[in-house]
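Chemist: coords please:
(one chain, ligands or ions: 1)
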Amino acid sequence: MRQPDPKPAVLAGRNEILAGLQAILPARAIIGDPVALKPYETDGLSAYRQMPLAVVLPENEAEVVAIMKFCAAEGIRVIPRGAGTSLAGGALPMADAIVVGMMRMNRILEINFPDRFAVVQPGVTNIGITQAVQDEGFFYAPDPSSQLACMIGGNVSMNSGGAHCLKYGVTANNLLGLRLVTIEGEVLEIGGTHVDAAGYDWLGLITGAEGQLGILTEVTVRILHSPEGARAMLAGFAANEIAGACVDAIISSGIIPVALEFMDRPAIHACEAFAHAGYPLDAEAMLIIEVEGSEDEQTDMLRRIREICERFHPVSMRVSETAEESAAIWKGRKGAFGAVGRISPDYLCMDGTIPTSRLPEVLRRIGELSASYELQVANIFHAGDGNLHPLIMFNANDPASFAKAEAFGADILRLCVEVGGCLTGEHGVGIEKRDLMSVQFSAAELAQMRAIKSAFDPDWLLNPSKVFPLLT
Ligand SMILES: Cc1cc2nc3c(=O)[nH]c(=O)nc-3n(C[C@H](O)[C@H](O)[C@H](O)COP(=O)(O)OP(=O)(O)OC[C@H]3O[C@@H](n4cnc5c(N)ncnc54)[C@H](O)[C@@H]3O)c2cc1C
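Modeler: Below is the predicted model:
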């Protein structure tokens, strides 16, 4: 198991720190009681747990500035946190750190329909943005499956994706501007409500920074006109590799469905049991393919996709006929990670990206690894983007089983890099993939990334021990 950096950063004692926080924040913004701190000891990567020194819950940017100035002056580490759904351990606390929870900064500040943008605070949930604009016929495109809970500040920090990002791009492609408070308490305005900005691409630098460069206090996102209509279809296949080859054939034909998702047999069965979506229980693998546009556009695209699927001898194919059927199909997919909990309460959700042409080979090799590690795996992923999510099941009460699951996961990520892909697709690096960064990046590349981190955060107080392999 990876350990946080053992070197404590805190110069003052715990009581002095709490007293210092009380001097700059209202009492309701500070949590120091161990029982009340308990919910913050982990995030979506629940195999790792660590109680923080304290939690603070600012309600406005001025309070964030005050917290940062205090922590910088006292040499206290800071862990920014949204909803804590990170699957990479990005929001995992440290014993000598203060968690800065952004959930109370949850207001929508401005919606501009003519110029198609919304300015929101970081604690607004992902779904909350779409809910705020949908009555006017708009939506916010990136849709992580955790969208009911996860917050836009966390989405920006992890550059999150989702099922419909195949057509619309991930968070980075849907952002216009940010406000960021540095560790010194300076406020930086990055980008704006316009498409491009002069100078370095700061927006690109901060997106996906995993809380390493500052705390986001405002996010400006693009909002898009809702499509005329959408329809989902299901195609079941006799093997994972065949479904993978079909994905590649669809993508390489030039068709871009709005979503193209993959589920294997364990996932199909776990999800069908609660969603009752009509998933093909006789298939070894299934694709959910959604198209959108006018009736004619949908019909034409579905016809072309069906023709491609036929070449791979599907065991079943079904196009949803009603909005309710489509909703059930997506209910199953979006609840898939939770549904796998029916098979095994403990699993590691891996996240890597590969070229779609390598899907059949990589799915076969994941199957072989599963057999050799003797650990069951369920595959549920954004196939059109080549963004894999093997869920490796293990027994959390058995440390040897957990160690084996971690080794299996590391082999999958190495495989992703080996075939020309990437260590992460949308979940970020966090503590989970930190020690594998050198599989993807050279020493010189990592040194340049560390230099950027140091430029923003010279004492490495912001979310340390994540992302970068520890220097010995
Ligand atoms: C069931 C489930 C399904 C998921 N599905 C998807 C999916 O489809 N696609 C996907 O991309 N991810 C998915 N995730 C992962 C997770 O939801 C995303 O990474 C999400 O963006 C995290 O948002 P959060 O608000 O929970 O952030 P947290 O987990 O609280 O934090 C994530 C990171 O962002 C930093 N951070 C948070 N807020 C701020 C801020 N205001 N300023 C600076 N740094 C900040 C934290 O320090 C941390 O490094 C899923 C997770 C779960 C549990």
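Chemist: And stretch 221-239, what's buried?
Modeler: Neighbour counts over stretch 221-239 (16 or more other C-beta atoms under 10 Å) mark 221-224, 227, 230-237, 239 as buried. Using the backbone N, CA and C atoms, a C-beta is placed for each residue, glycine as well.
Chemist: And it, end to end?
Modeler: As for stretch 221-239, its first-to-last residue distance stands at 40 Å under the measure C-alpha to C-alpha, to the nearest Å.
Chemist: Quick one: distance of it to the chain centre.
Modeler: Computed by C-alpha atoms, centre = their mean, to the nearest Å, the chain-centroid distance of stretch 221-239 equals 20 Å.
Chemist: what's the answer for stretch 154-173, then?
Modeler: Centroid separation between stretch 154-173 and its chain, computed with C-alpha atoms, centre = their mean, is 8 Å.
Chemist: circling back to that earlier point, got CSV for the buried residues of stretch 221-239, with secondary structure too?
Modeler: Written out in CSV, the entries for the buried residues of stretch 221-239 read as follows (DSSP: H, G, I helix; E, B strand; the rest coil):
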residue, secondary structure
221, strand
222, strand
223, coil
224, strand
227, coil
230, strand
231, strand
232, strand
233, strand
234, strand
235, strand
236, strand
237, strand
239, coil
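Chemist: Could you dump those into TSV and include distance to the ligand and pLDDT?
Modeler: Supplementary listing: the buried residues of stretch 221-239 in TSV, determined by distance: C-beta to the nearest ligand atom, whole Å; pLDDT from 0 to 100:
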residue	distance to the ligand	pLDDT
221	13	98
222	17	97
223	18	98
224	18	98
227	20	95
230	18	94
231	21	94
232	16	95
233	20	96
234	19	97
235	21	97
236	22	98
237	23	98
239	25	96
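Chemist: can you name the two of those residues that are farthest apart?
Modeler: Across the buried residues of stretch 221-239, no pair lies farther apart than 223 and 239, at 40.7 Å, counting by C-beta to C-beta.
Chemist: which residues does residue 157 contact?
Modeler: For residue 157, the residues meeting the contact criterion (C-beta atoms under 8 Å, 6 or more residues apart in numbering) are 80, 82, 90, 208-211, 216, 428.
Chemist: and the ligand, which of these contact it?
Modeler: Among those, the residues within reach of the ligand (C-beta under 6 Å from any ligand atom) are 80, 82, 90, 210-211, 216.
Chemist: Out of those, flag the one nearest to residue 109.
Modeler: Among these, and counting by C-beta to C-beta, the member closest to residue 109 is residue 216, at 13.3 Å.
Chemist: partners of that closest one in the sheet?
Modeler: Beta-bridge pairing of residue 216 under DSSP bridges involves residue 180.
Chemist: That one: neighbour count?
Modeler: Taking other C-beta atoms under 10 Å as the criterion, the count of residues near residue 216 is 29.
Chemist: shouldn't residue 119 be in contact with residue 132?
Modeler: No: counting by C-beta atoms under 8 Å, residue 119 does not reach residue 132; the two are 11.2 Å apart.
Chemist: what helix or strand is residue 286 on?
Modeler: Take DSSP states H and E as the rule and residue 286 turns out to sit in strand 285-292.
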